[in-house]
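Sequence first, predicted coordinates after that:
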Amino acid sequence: MVIKGSSRGHSRRDVRRLAAHLMSGENETVEIIAMEGVASADLLDAFEEMRALSRGTRCRKAVYHASINVAADEAESVGLPKWQEAADELGRRLGLEGHQRVLVLHRKHGREHLHVVWGRVNQATLKTVSDGGNYRKHEQTSRALEDRWSLKPVVGVHTRPEGTPRPVAQATHQDWQASVRTGIPAMDVARRLQAAWAASTDGASFKREVEARGLCLANGRRGIVAVDEAGTPHSLARRLGKRAAEVHARLADLDAVALPTVERAKTENKKGSNRQGEMMGEAKKKVFGASDRAGQGQIDWDWVADWWRRNGVEVQHAYDGLWVEWLGARWHDTGDRIQVETEGEPTDKHVRELVRACRERWTTIRFYGSEEFQRRARIEAIRQGVPPENIILECEEKGGTKRPAPQGPLPDHVKKRLGIADPEPSHPDALTAAEIVELGLEEGPDDAPAAGR
């Protein structure tokens with residue numbers, strides 16, 4: 001369990017932002033499960049009530065906002081009573097028990113998490129509760145609830161066992177926000193830096209390996225940092241999961257002053273990312289994939305993760321879905337979409353496994369990527385038993401270049417082999433003559449009509 005929180009509400013604008021965030025449409029569902037100690041039924045008005053109470057005191061930040069998260073594979077075991085219990089436990093440890101309170105439950109990427117907002121001023125005494133030591137209290141609450149509910153323990157900075165190394169998160173909330181803005185996941189940068197670290201022995205070789213993966217090193221305010229294709233700086237120690245002293249020792253032979261500044265590196269890396277894409281590992285690789293055209297509703301993330309594990313691959317959970325390294329390519333699974341990132345056209349095995357993954361989940365499949373890939377994927381999907389009318393190609397949806405399609409209905413022998421019953425389904429993806437040959441469905445001597453009929 002991970003709990004994060006801080007005091008805020010120093011202005012009306014700030015509470016507006018908080019209310020907008022809690023009601024954001026980015027979530028699959030938003031449910032206000034409790035509003036206590038306030039007269040209003042509106043979220044923003046409730047926060048304004050908390051601010052109004054603070055104006056008679058010297059409190060500058062009227063509310064305390066906390067988010068409570070559990071691991072994706074454990075979230076389903078935490079029902080509404082436990083979320084409320086978690087809010088009660090955290091409020092007691094923060095000294096906010098009995099204060100004005102709002103509880104908002106979010107579901108995002110198939111996983112629930114709870115937001116709690118308290119008024120910091122006690123309604124009876126008009127005294128403001130201090131927010132000092134809140135990080136330690138967050139961790140103490142997490143450890144207590146993990147033990148109580150038999151959840152997987154998280155090693156915290158303030159509550160870790162003696163002798164345990166200080167944990168360093170590979171990505172902060174600010175990193176996540178930058179990933180959303182730029183489209184470059186922080187975990188992707190971390191993977192590339194870790195690969196460069198493993199392939200190097202000193203600063204000079206590390207610099208070469210970093211540049212070969214589409215990144216560059218720069219002289220930041222607090223030492224050497226990595227800069228990605230979008231110009232976002234990244235802490236080496238954080239992304240590598242290493243102690244700063246270990247990173248400094250490895251890079252001792254690099255002259256930080258000789259490296260470009262972060263601003264200069266931003267400009268140079270943006271210019272060079274397209275020109276040197278192949279040499280630098282194609283940070284923005286070609287993307288091929290498929291999506292669930294029909295929409296199957298709520299995503300069972302446990303089942304999705306287990307599907308990948310059954311195929312012998314390690315699953316990495318991220319804010320934007322699941323990431324795996326498989327068959328020499330990077331795969332991104334968002335539940336209703338599966339993408340394959342490669343440096344060229346996907347191999348036959350990539351196409352075969354992508355179709356299998358889609359076929360085992362969805363009834364209607366929409367392929368996107370290069371036109372060649374889409375047509376290869378359609379042929380493979382038909383081979384695996386997907387009805388042709390349930391296959392959609394992006395290139396044909398958008399009116400892209402089409403090969404000459406046969407006029408009139410499909411021949412009876414083709415419909416028989418594909419299991420298509422009359423009347424023939426009407427869909428834009430009629431098989432071309434070349435695809436019929438590719439599938440081995442061409443008319444043979446036994447299928448030819450007899451003379452004189």
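Done, it's in. Residues are numbered from 1 along each chain as shown.

Okay, strands next: where are they in the stretch 201-350 of the chain?
Remark: strands assigned in the stretch 201-350 of the chain by DSSP state E, counting those that start in this stretch are 216-220, 223-227, 233-235, 286-292, 316-318, 321-326, 329-333, 337-342.

and the ones you listed, which one's lowest on average pLDDT?
Among the strands of the stretch 201-350 of the chain, strand 316-318 has the lowest mean pLDDT, at a mean of 72.

quick one on the thing from earlier: want to throw the strands of the stretch 201-350 of the chain into JSON lines with distance to residue 256 and mean neighbour count?
To be clear about C-beta, it is placed using only N, CA and C from the backbone, and glycine gets the same treatment. Formatted as JSON lines, these follow (distance: least, CB to CB, whole Å; neighbours: other CB atoms under 10 Å):
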{"stretch": "strand 216-220", "distance to residue 256": "5", "mean neighbour count": "21"}
{"stretch": "strand 223-227", "distance to residue 256": "5", "mean neighbour count": "22"}
{"stretch": "strand 233-235", "distance to residue 256": "14", "mean neighbour count": "20"}
{"stretch": "strand 286-292", "distance to residue 256": "35", "mean neighbour count": "21"}
{"stretch": "strand 316-318", "distance to residue 256": "31", "mean neighbour count": "16"}
{"stretch": "strand 321-326", "distance to residue 256": "32", "mean neighbour count": "18"}
{"stretch": "strand 329-333", "distance to residue 256": "31", "mean neighbour count": "20"}
{"stretch": "strand 337-342", "distance to residue 256": "33", "mean neighbour count": "20"}
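
got JSON lines for those strands, with distance to residue 246 too?
Output for the strands of the stretch 201-350 of the chain, formatted as JSON lines (distance: least, CB to CB, whole Å):
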{"stretch": "strand 216-220", "distance to residue 246": "16"}
{"stretch": "strand 223-227", "distance to residue 246": "13"}
{"stretch": "strand 233-235", "distance to residue 246": "13"}
{"stretch": "strand 286-292", "distance to residue 246": "35"}
{"stretch": "strand 316-318", "distance to residue 246": "23"}
{"stretch": "strand 321-326", "distance to residue 246": "25"}
{"stretch": "strand 329-333", "distance to residue 246": "27"}
{"stretch": "strand 337-342", "distance to residue 246": "30"}
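
How far does stretch 325-342 sit from its chain's centre?
Relative to its chain's centre, stretch 325-342 lies at 12 Å (CA atoms, centre = their mean, to the nearest Å).

And stretch 359-366, by the same measure?
Relative to the centre of its chain, stretch 359-366 is centred 21 Å away, using CA atoms, centre = their mean.

Outline the domain layout of this protein.
2-149, 181-275, 286-401 (automatic domain parsing).

re earlier: who wins for proximity to residue 56 among the strands of the stretch 201-350 of the chain?
strand 233-235 (42.7 Å; CB to CB).

Quick check: which element contains residue 156?
Taking DSSP states H and E as the definition, one finds residue 156 inside no helix or strand.

still on that earlier bit, now distance to residue 157 too, for the domains of the chain, in TSV please.
Output for these, formatted as TSV (distance: least, CB to CB, whole Å):
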stretch	distance to residue 157
domain 2-149	7
domain 181-275	13
domain 286-401	21
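
For stretch 248-262, give me every contacting residue.
197, 200, 202-204, 206-207, 216-220, 223-225, 227, 233, 236, 265, 268 (CB atoms under 8 Å, 6 or more residues apart in numbering).

If you could redo that for stretch 202-209, that was the one I meant.
The contact list for stretch 202-209 (CB under 8 Å, 6+ apart) reads 195-197, 199-200, 217, 250-254.

next one: stretch 27-43
Contact with stretch 27-43 is made by 19, 22-24, 45-46, 48-50, 80, 83-84, 87, 99-110, 119, 123, 298, as judged by CB under 8 Å, 6+ apart.
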